[in-house]
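Fold the following.
(chains A and B, ligands or ions: 2)
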Amino acid sequence: MKILSKNNDTVKLLASPDEELLERGDYLVIEDNSRKLLIQVIDIEYADLPGMLEDTLRELSVEDAKNFSSIDPYSIGSLIAKLREARLIIGKFRGVLVDGDLRNDILWLPSRFYSRIRKASSSLINELSRSSGRRAILLGECMGDWFTVNAESLDGKLTIITGKKEMGKSHLAKLLVVGLVEYGARILIFDINGEYGGLSKKIDGSDSELSDRLKVIIPGRNFKTTVEDAGLKTMLDILRYVYDTPPASLREFSRIWYITERIYGRVTLKGLIDALTKTQMNESIREALLSRLLSIEDLEFFNDEDPQSLEDLLGELEYGGALIVDLSKSLPHGRRLVVEYVLSKLSTILKNNQYPPLFLLAEEAHLYLRDTYWDDLVTRMRHIGVFPIFVTNQPDMIPDSVYRQADNIFLFNFTNDSDLDYLAKASRVDAETVKRIVKALPPKRCLIVGRIVNDIPVVVKVRELHVKTMGETKLFFTQTK
Amino acid sequence: MEHLQHQIIEELEFLKAFSKIGLESLFSLKGLRIYASSREDLARDYLDEIYIEFNSTLDGYLFEVYEPRQVEEKKKVIALDTSSVRLAESSNGVIISIKGAIVVRDIDNSISIQTLGPFLFYVNKINFKYILREYSELIQYSSRYDFYLNAQRALTELLERRMQEYIVEKSKDSIILFDGCLVANNFNHYKNLLEKILRIAQENRNIIIAFSKTSFIQVSGAYLQSIHIEEEPPYIIDLTTTLKHYCNYEVRTLGRICLARLSAGSLGYRVDVPIKSDIPTFFGLLLKSDPLIYGYPETLILAHDYSTFTRLDIITLQTMLKKMDVELLYPEYVRDILFQPVDGDYR
Ligand SMILES: Nc1ncnc2c1ncn2[C@@H]1O[C@H](COP(=O)(O)OP(=O)(O)O)[C@@H](O)[C@H]1O
Ligand SMILES: [Mg+2]
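Ligands and ions are numbered 1, 2, ... in the order given. The predicted structure is shown next:
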């Protein structure tokens, strides 16, 4: 390999096809007189050699010839064939290695002619990308060796996992859940596809080590609460944000709430509906509120006979575990209502210091999280101890501001240019790296950027998980042999 | 050097000796430091450099104009061309590479291509007589640069004439297209050889037509290509007598010099044919047998293309020289390194 050029932070190298196979994301060390430059391969192209067009055109016309023979005493032809295979390696400058430290502030360039270029060792990259902490989570392989991250680098942080469908986002999320839970972390999961319950079973169907640390709750079935537990504020939010209730109606709802409290001594959904039909008010407002309350009743989430409290459910996670809110069986309104309830409750519990911090894993949160909640989650909620991990295949549904605050981003393949453009703007790494590497990632591989890798972007081949991941997309036709 | 192969076809026996001499000459290169030739003058067409000057105008002179005859018969068309480059130069000598191509269009329109080379020679003041043989007469050098140029030209001629000789001997009843002119210079060996080539061609009933691409005929500073007549192409203007009449020195042409405009829209090319040529029939047969591209036979264009060095050829040859332990100095490259910051796309 030879250095061809350096322009800003882009370094171009020329390599012959015989040289060691490189992949996007691999690191190279350029060494000259004991100093080392670290660059990351972001793309590999054919070298655009002078005369290539001529040569290829000539080849094309030979294809039409009946006979072609050549007397080539020095076998120039085969040498040319090899030259034509020369590769152009596009790399990004990642720093200068001085006494084992990676420095970005040093201006130094290796000689174009005398420097030695080789693939960086996996141990070097592992070391450079290691964030502080002792709780390692084995993620998979990087540059031919195992690759771990530290659980501490997720703690108190905002993490985003994004990529196209079926690339392995949920699989990675599960891997993180398993790792975190094993170290005693508590996690609340909004499970839109009902796939996280599988973590409690091994592939052969027997219970996994995690089985008694996971609890799946299905709203309306084994997860029900009372309107009183939700409280007036949350009920108002639900009516306002989930059911688009106008302000005048919301005022009337508050009145009804107090009336109900006074008449029945406590507030129930039945009592609210009852009071609504009996109290005097504008007919259209009554209609509007009634239809909404009836549809809330239909969800069977509010149940005065057999309610659970979120406090109790979270309490069960004392020694580390995951509470999985399975939203797969809920209708859109139901999902949003449940999330509204859970988040508002969570915020109250944590604010009152009743509970230690926890991770919140939310898949496709745009489907159930109202717009005003995003900023709240990454700012206020983070301060009271909710550390979000967002998983999505629609990166543009997460606001810019969330990306800007993200500490860790796991990027799986995207082919759509507008998605790539969006990510390139928002990530903690240069746009070119994102575009070139992410576009070419095969399934089950991701580019990790951010604190978790000490801001040394790495491409990791995510390992398998020996529990049921149940991530398979349901098919109508299942294979029959 | 074990990777050098000599799989030269029996029929092209002369190439064996040719490439052997080249190979031998390279042995003296080992360990030599030599400047790579600068890129601009790497390739040249020396045979086309001969041109004829006039000191008068053609006004009022009647030339003979021919129209190609309509024929039904098709002939095999064989075109050949060579080219050469100087790869490196030192005060003692010059490294030259040459290539040739023979393209055959059969009656059924199928094309066969044979490329010869590239061959490599290190020509220096000690070995040039041995390498160039009769052609070393061409080397009259007053300057180092003249030596390089003449050595290149002599080697190219050597290969080109040998190829022509070979083709006119082996083929019968074919149209053979040469690149260049049928004009002899002051160099006797060349005149004799050209005469021999034309004679054998005639014995084998081959039709020789030499097309020039770059050579021009100048009349008082005006290009002859600008002569216009009332006719619609295709036509051929025979200028032989005109030139004899107006030329202030003896043109040692071994053929007839014509301006051929074979398709509408093309300027026309200088075309030389042997003296006793039946111009209408020759061109009629050519038009029937080979398609034209801008008035130029396609087979000859192919021969030209396949004998021309591409940049990749040159890069490869230079790489080979380095493997032979020749240190190539790149004057321009050195300048680039000195004056161009590494930062800044180097191209
Ligand atoms: N690293 C991996 N090793 C083995 N199987 C994987 C891996 N990553 C994903 N899979 C499998 O590929 C399929 C799609 O993965 P999934 O995580 O559901 O994709 P996504 O959430 O991006 O749509 C699932 O069947 C999952 O089990
Ligand atoms: Mg998924």
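
Contacts for the helix or strand residue A:58 falls within, please.
Using DSSP states H and E, residue A:58 sits in helix A:52-62. If you take CB atoms under 8 Å, 6 or more residues apart in numbering or on different chains as the criterion, helix A:52-62 is touched by A:68, A:80, A:84, B:113, B:302, B:305, B:306, B:310, B:311, B:312. All C-beta spots, glycine's among them, are computed from the backbone N, C-alpha and C.

would the fourth one count as being in a strand?
If I follow you right, that is residue B:113. Yes: counting by DSSP: H, G, I helix; E, B strand; the rest coil, residue B:113 is found in a strand.

so who does it touch?
Residue B:113 makes contact with A:62, A:65, A:67, A:68, A:69, B:101, B:102, B:103, B:104, B:302, B:306, according to CB under 8 Å, 6+ apart.

one more time with 6 Å
By CB atoms under 6 Å, 6 or more residues apart in numbering or on different chains, the contact list for residue B:113 reads A:65, A:68, B:103, B:306.

what do you get for the second one?
Applying CB under 6 Å, 6+ apart to residue A:80 gives the contacts B:312, B:316.

now with 10 Å?
With contacts defined as CB atoms under 10 Å, 6 or more residues apart in numbering or on different chains, residue A:80 is in contact with A:49, A:51, A:55, A:72, B:310, B:312, B:313, B:315, B:316, B:317, B:319.

quick one: the helix or strand hosting it to helix A:52-62, angle?
Following DSSP H and E, one finds residue A:80 within helix A:76-83. Per axes from the mean of the first three to the mean of the last three CA atoms, to 10 degrees, the angle that helix A:76-83 makes with helix A:52-62 is 120 degrees.

follow-up on the earlier one: give me the contact list for the following helix or strand past the helix holding residue A:58.
Next along the chain after helix A:52-62, taking DSSP H and E as the criterion, comes strand A:67-71. The contact list for strand A:67-71 (CB under 10 Å, 6+ apart) reads A:59, A:61-62, A:76-77, B:5-9, B:12, B:15-16, B:18-19, B:99-102, B:104, B:106, B:110-119, B:306.

Tell me how chain A divides into domains.
Following automatic domain parsing, chain A resolves into domains at A:2-120, A:136-223+A:319-462, A:227-298.

okay, how far is it across the longest one, tip to tip?
Think domain A:136-223+A:319-462. Taking CA to CA, to the nearest Å, domain A:136-223+A:319-462 runs 15 Å from one end to the other.

what does stretch A:125-140 give?
End-to-end distance of stretch A:125-140: 14 Å, with CA to CA as the criterion.

Give me the contact status of that stretch with ligand 1.
No: against ligand 1, stretch A:125-140 shows no contacts by CB under 6 Å from any ligand atom, the least distance being 6.5 Å.

how far away is the spatially closest residue to residue B:264 that is not a sequence neighbour from chain A?
Using CB to CB, 6 or more residues apart in numbering or on different chains and skipping residues adjacent in sequence, the residue nearest residue B:264 is residue B:233, 5.0 Å away. Applying CB to the nearest CB, to the nearest Å, the value for residue B:233 to chain A is 27 Å.

residues near residue B:233, how many?
Around residue B:233 sit 18 other residues, with neighbours defined as other CB atoms under 10 Å in any protein chain shown.

Now the buried members of the contacts of strand A:67-71.
The neighbour count (16 or more other CB atoms under 10 Å in any protein chain shown) marks A:62, A:76, B:8, B:12, B:15, B:18-19, B:99-102, B:104, B:106, B:111, B:113-119, B:306 as buried among the contacts of strand A:67-71.

can you tell me which of the residues you listed are up against ligand 1?
Among the buried ones among the contacts of strand A:67-71, ligand 1 is touched by none when using CB under 6 Å from any ligand atom.

Show the pLDDT at residue A:440.
Note for residue A:440: predicted pLDDT of 92.

For chain B, name the helix or strand with the lowest mean pLDDT.
Ranked by mean pLDDT, DSSP states H and E, the weakest helix or strand in chain B is strand B:43-44, scoring a mean of 39.

Tell me the residue of chain A that sits nearest chain B?
Sorted by distance to chain B under CB to the nearest CB, the residues of chain A start with residue A:51, at 2.9 Å.

Dump stretch A:81-101 to CSV, restricted to CA.
Presented in CSV, the C-alpha positions along stretch A:81-101 are these (Å, rounded to 0.1, in the frame of the first residue of the first chain):
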residue,chain,number,x,y,z
ALA,A,81,-4.3,-7.1,-15.9
LYS,A,82,-2.9,-7.0,-12.3
LEU,A,83,-2.4,-3.2,-12.4
ARG,A,84,-6.0,-2.8,-13.5
GLU,A,85,-7.1,-4.5,-10.3
ALA,A,86,-5.4,-1.9,-8.2
ARG,A,87,-7.6,-0.6,-5.4
LEU,A,88,-8.1,2.9,-4.0
ILE,A,89,-8.6,2.8,-0.3
ILE,A,90,-10.4,5.8,1.1
GLY,A,91,-9.6,6.3,4.8
LYS,A,92,-10.5,8.8,7.5
PHE,A,93,-7.9,10.3,9.8
ARG,A,94,-8.6,9.2,13.4
GLY,A,95,-5.5,10.5,15.1
VAL,A,96,-1.8,10.2,15.8
LEU,A,97,-0.6,7.6,18.2
VAL,A,98,1.8,9.0,20.8
ASP,A,99,2.9,6.7,23.6
GLY,A,100,-0.2,4.7,23.2
ASP,A,101,-2.5,7.7,23.3
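
Deepest-packed of the domains of chain A, please.
Per-stretch averages of neighbours, counted by mean count of other CB atoms under 10 Å in any protein chain shown, single out domain A:136-223+A:319-462 among these, with a mean of 19.

how far is that domain from where the chain is centred?
Chain-centre distance of domain A:136-223+A:319-462: 5 Å, with CA atoms, centre = their mean, to the nearest Å.

Stretch B:266-279 now?
17 Å.

mean confidence for that stretch?
Mean per-residue pLDDT for stretch B:266-279: 86.

Which residue is the nearest non-sequential neighbour of the closest residue to chain A within chain B?
Of all residues in chain B, residue B:311 sits closest to chain A, at 2.9 Å by CB to the nearest CB. What sits nearest to residue B:311 in space, not counting adjacent residues and going by CB to CB, 6+ apart, is residue A:51, at 2.9 Å.

Residue A:179 too?
residue A:137 (3.4 Å).

returning to that earlier point: let me know the closest of the contacts of residue A:80 to ligand 1.
Ligand 1 has its nearest neighbour among the contacts of residue A:80 in residue A:49, at 38.5 Å by CB to the nearest ligand atom.

what does the stretch 201-350 of chain A put close to ligand 1?
Not one residue of the stretch 201-350 of chain A sits near ligand 1, judged by CB under 6 Å from any ligand atom.

quick one: the helices in the stretch 201-350 of chain A?
Along the stretch 201-350 of chain A, counting by DSSP state H, counting those that start in this stretch, helices occupy A:227-237, A:247-264, A:269-278, A:283-298, A:310-315, A:332-351.

for the stretch 51-200 of chain B, same thing?
Using DSSP H, counting those that start in this stretch, the helices of the stretch 51-200 of chain B run over B:128-132, B:144-170, B:188-203.

residues contacting residue B:197?
If you count contacts by CB under 10 Å, 6+ apart, residue B:197 has them with B:161, B:164-169, B:176, B:178, B:182, B:206, B:208, B:254, B:274.

Next one: it relative to residue A:308, how far apart?
106 Å (CB to CB, to the nearest Å).

mind listing the helices for the stretch 201-347 of chain B?
Going by DSSP H, counting those that start in this stretch, the stretch 201-347 of chain B shows helices at B:240-246, B:279-289, B:298-307, B:311-323, B:331-339.

Dump those helices to JSON lines, plus distance to residue A:156.
Listed next are those as JSON lines, based on distance: least, CB to CB, whole Å:
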{"stretch": "helix B:240-246", "distance to residue A:156": "95"}
{"stretch": "helix B:279-289", "distance to residue A:156": "84"}
{"stretch": "helix B:298-307", "distance to residue A:156": "68"}
{"stretch": "helix B:311-323", "distance to residue A:156": "56"}
{"stretch": "helix B:331-339", "distance to residue A:156": "51"}
